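A.B. asks: Provide a 3D model corresponding to the input given below.
(2 chains)
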Protein chains: 2
Amino acid sequence: MINIGVDLGGTTIKMALIDDDGKMIDKWAIGTNTIDNGKHIAADISESILKKMTQFNLERSTVRGIGVGAPGFIDVDSGFIYQAVNIGWKNYPFKEELEKAIGLPVVIDNDANMAALGEMWLGAGKGAKNLICVTLGTGVGGGIICDGEILHGTCGMAGEIGHITVIPDDGGSCNCGKTGCLETVSSATGIRRLALAALDYNDSESILRDIFESKGDITSEDVFTCAAKKDPLAATVAEKAAYYLGFALGALAVTLNPEKIVIGGGVSHAGDSLLQPLTKYFKQFALPRVFDACTIDIAKLSNDAGVIGSAWLCIKKINRATVK
Amino acid sequence: MINIGVDLGGTTIKMALIDDDGKMIDKWAIGTNTIDNGKHIAADISESILKKMTQFNLERSTVRGIGVGAPGFIDVDSGFIYQAVNIGWKNYPFKEELEKAIGLPVVIDNDANMAALGEMWLGAGKGAKNLICVTLGTGVGGGIICDGEILHGTCGMAGEIGHITVIPDDGGSCNCGKTGCLETVSSATGIRRLALAALDYNDSESILRDIFESKGDITSEDVFTCAAKKDPLAATVAEKAAYYLGFALGALAVTLNPEKIVIGGGVSHAGDSLLQPLTKYFKQFALPRVFDACTIDIAKLSNDAGVIGSAWLCIKKINRATVK
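C.D. replies: As a prediction, this is how the structure comes out:
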């Protein structure tokens, strides 16, 4: 059958037709219309999918359903969105609205969880049943899979690993209201902040400083590019970001004993420049048996992880025989 | 039916007959015979249980099976013990040996996990499906339940929360080979160590010091008793132990989003003297939504948690109709 994966972001909505073997038949995207607190989104998604089904001559009976990865706080069973700031939703029955609009069954989960499921199905976590997926982007997102199942916790907040405290005293302020969260030092934003502070604190010559002086700003990518070129200042910053990430992942690993940790998001493009120091610190903070049982890898599916995971959840959760 | 719970320790083996409603019909204990690397233990348990079944006129057909909580590294599916240092076992097929000796089905899990299941079934975690159980004894043990299931991880090491690093730099040495583990500061042993260091560092008058001078030693219990009496030195030590525990539990809670955290073991007898500072620091390190959804309580079942959890696992895992 065909499964439709949807990855709903604040700017674009990515969609894909994916068969039961994981073959991607088509993928496309539309803009996210946040006007009127996002009330047109369900209709936009529905219209776009129905058009695509016509284009591919897909009968309704051959489509299992729609999986949607959404941002914000979600009740996954009912598909009710408590709050999704970037979209404008507050107490919005999204699953109900989308099912009404499209007439097909819908399953919903958090976007970070969907990305983790995608990497487990077809990406860097292929075959692993115990998996932690960390997305290092503007923030730090997390999806945790234990025995093949996503952890949701008692109110859907499980996996918020960006908010593990890694600097207990005098850490930087986090958007969540706390200080010293992993997100403040190991996200793209956090690494940029660490680098700007290092440039300010330190007068030494540095190719990172040259970039800063010519562009007027730097990115986390600049930090890792310069670190790979052995720039001492950039290397110190990269080391620091990896240290805190290794500290948090060490705590997660002695708690969850994963087979695989998958690192995704923009920062993960640093590849070995990140993995090498990260593995060193992860080893320092994990138990030997836990370290030996676990591999850290860079995510493979990039921007497709969300739609692929959403399609996988369709297969897992929608028993088409029982729904219309 | 009747379920037999067994809690296997390095010194004693606790056992109990428990019915399907959780009523404890009898409990008793025998010594742990560690001679010949523990090879007599299966026979000892079997003999003791069969005697008890005769005493209570229990037919084999009314006994569902035996649940055993064992220390060490275990493969729970096969009941194979990789290593249990206190018992003397190394690569020992314990489940197989016990089943052979007693002729009844056996299920095995880690002792800390069994205690967590016990508290979930009949104790402080009653009704919670997402639960973390922390045992503060000589070491710090942990059992994690997500959606009603014990987390084992990829090689049975999940829940080793005593080895979360809480002091990244210059922490005390831990038995595991790392430094700065939670166990080095918040176990009974760790708290005693912190207190001895504080007495050494500090010359101030203190009722804790008086106890130390009269007994020649102090225990973690002395620390909390004196802290409850507002002894400043003892209060500082208790606060420190609670701080590190709150730090680790904060990280666990943003990861797992539990409904309940149950604190057991000898140190938990401190009650509010522990819970009060602990809750303060837990709030500091957990996200507000996560904090609001979670209650921290002292364990209720004391030394019976293990046998009760073991009986619960019998009910859950042994389908008596399919086994002899």
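
A.B. asks: Residues of the stretch 151-300 of chain A that sit close to chain B?
C.D. replies: Residues of the stretch 151-300 of chain A lying near chain B by C-beta under 8 Å from any C-beta of the partner chain: A:151-161, A:163-165, A:168, A:176-178, A:247-248, A:250-252, A:254-259, A:284-285, A:287-290, A:293-294. C-beta: built from backbone N, CA, C; applies to glycine.

A.B. asks: Show the buried residues in the residues you listed.
C.D. replies: A:151-161, A:163-165, A:168, A:176, A:178, A:247-248, A:250-252, A:254-259, A:284-285, A:287, A:289-290, A:293-294 (16 or more other C-beta atoms under 10 Å in any protein chain shown).

A.B. asks: Pop the domain breakdown of chain A in here.
C.D. replies: A:2-116, A:126-300 (automatic domain parsing).

A.B. asks: And the closest residue to residue A:277 other than its chain neighbours, how far from residue A:299?
C.D. replies: Taking C-beta to C-beta, 6 or more residues apart in numbering or on different chains, and ignoring the residues beside it in sequence, residue A:277 has residue A:242 as its nearest neighbour in space, at 3.7 Å. Counting by C-beta to C-beta, to the nearest Å, the separation of residue A:242 from residue A:299 is 17 Å.

A.B. asks: do residue A:196 as well
C.D. replies: The gap separating residue A:196 from residue A:299 is 27 Å, by C-beta to C-beta.

A.B. asks: Stretch A:117-128: end-to-end distance?
C.D. replies: 10 Å (C-alpha to C-alpha, to the nearest Å).

A.B. asks: for the residue of the stretch 51-200 of chain A found nearest chain B, phi and psi?
C.D. replies: Chain B sits closest to residue A:153 of the stretch 51-200 of chain A, with a gap of 2.4 Å, by C-beta to the nearest C-beta. For residue A:153, the backbone dihedrals (degrees, to the nearest 10) come out as phi 80, psi -170.

A.B. asks: which stretches of the stretch 151-300 of chain A form strands?
C.D. replies: Using DSSP state E, counting those that start in this stretch, the strands of the stretch 151-300 of chain A run over residues A:260-264, A:295-298.

A.B. asks: can you redo those strands as JSON lines with mean pLDDT and mean neighbour count?
C.D. replies: Below are these laid out as JSON lines (pLDDT from 0 to 100; neighbours: other C-beta atoms under 10 Å in any protein chain shown):
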{"stretch": "strand A:260-264", "mean pLDDT": "97", "mean neighbour count": "26"}
{"stretch": "strand A:295-298", "mean pLDDT": "98", "mean neighbour count": "18"}
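
A.B. asks: Indicate which one of those strands is closest to residue B:273.
C.D. replies: strand A:260-264 (38.1 Å; C-beta to C-beta).

A.B. asks: Direction included, what does that closest one pair against?
C.D. replies: In the sheet, strand A:260-264 lines up against strand A:131-136 (parallel), strand A:295-298 (parallel) (DSSP bridges).

A.B. asks: Now those strands in TSV, please, with extra columns for distance to residue A:49.
C.D. replies: Listed next are the strands paired with strand A:260-264 as TSV, based on distance: least, C-beta to C-beta, whole Å:
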stretch	distance to residue A:49
strand A:131-136	25
strand A:295-298	31
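
A.B. asks: so which of those strands gets nearest residue B:67?
C.D. replies: strand A:131-136 (29.2 Å).

A.B. asks: Which helix runs longest in chain A?
C.D. replies: helix A:232-256 (DSSP state H).

A.B. asks: between that one and strand A:131-136, how many degrees?
C.D. replies: Here helix A:232-256 runs at an angle of 150 degrees relative to strand A:131-136 (axes from the mean of the first three to the mean of the last three C-alpha atoms, to 10 degrees).

A.B. asks: what about residue A:196 and residue A:299, which has more around it?
C.D. replies: Per other C-beta atoms under 10 Å in any protein chain shown, whichever of residue A:196 and residue A:299 has more neighbours is residue A:299, with 23 against 14.

A.B. asks: For chain A, give me the ranges with low pLDDT.
C.D. replies: By pLDDT under 70, the weakly predicted segments of chain A are A:320-324.

A.B. asks: excluding its backbone neighbours, what's nearest residue A:166?
C.D. replies: residue A:244 (4.3 Å).

A.B. asks: List the residues that contact the residue nearest to residue A:277.
C.D. replies: By C-beta atoms under 8 Å, 6 or more residues apart in numbering or on different chains, the contact list for residue A:242 reads A:186, A:274, A:277, A:278, A:280, A:281.

A.B. asks: doesn't residue A:238 make contact with the third one?
C.D. replies: Yes. Taking contact to mean C-beta atoms under 8 Å, the distance of 6.6 Å between residue A:277 and residue A:238 places them in contact.

A.B. asks: Pick out whichever of the two has more residues nearby.
C.D. replies: More crowded of residue A:277 and residue A:238, by other C-beta under 10 Å: residue A:238, with 28 against 20.

A.B. asks: wait, that one sits on residue A:225?
C.D. replies: No. Residue A:238 lies out of contact with residue A:225 (C-beta under 8 Å); the separation is 9.9 Å.

A.B. asks: and the stretch 1-150 of chain A, which residues reach chain B?
C.D. replies: Residues of the stretch 1-150 of chain A lying near chain B (C-beta under 8 Å from any C-beta): A:73, A:128, A:129, A:130, A:142, A:144, A:146, A:147, A:149.

A.B. asks: Secondary structure element for the closest residue to residue A:161 other than its chain neighbours, which one?
C.D. replies: In space, and not counting its chain neighbours, residue A:161 is closest to residue A:142: 3.7 Å by C-beta to C-beta, 6+ apart. Per DSSP states H and E, residue A:142 falls inside strand A:140-146.
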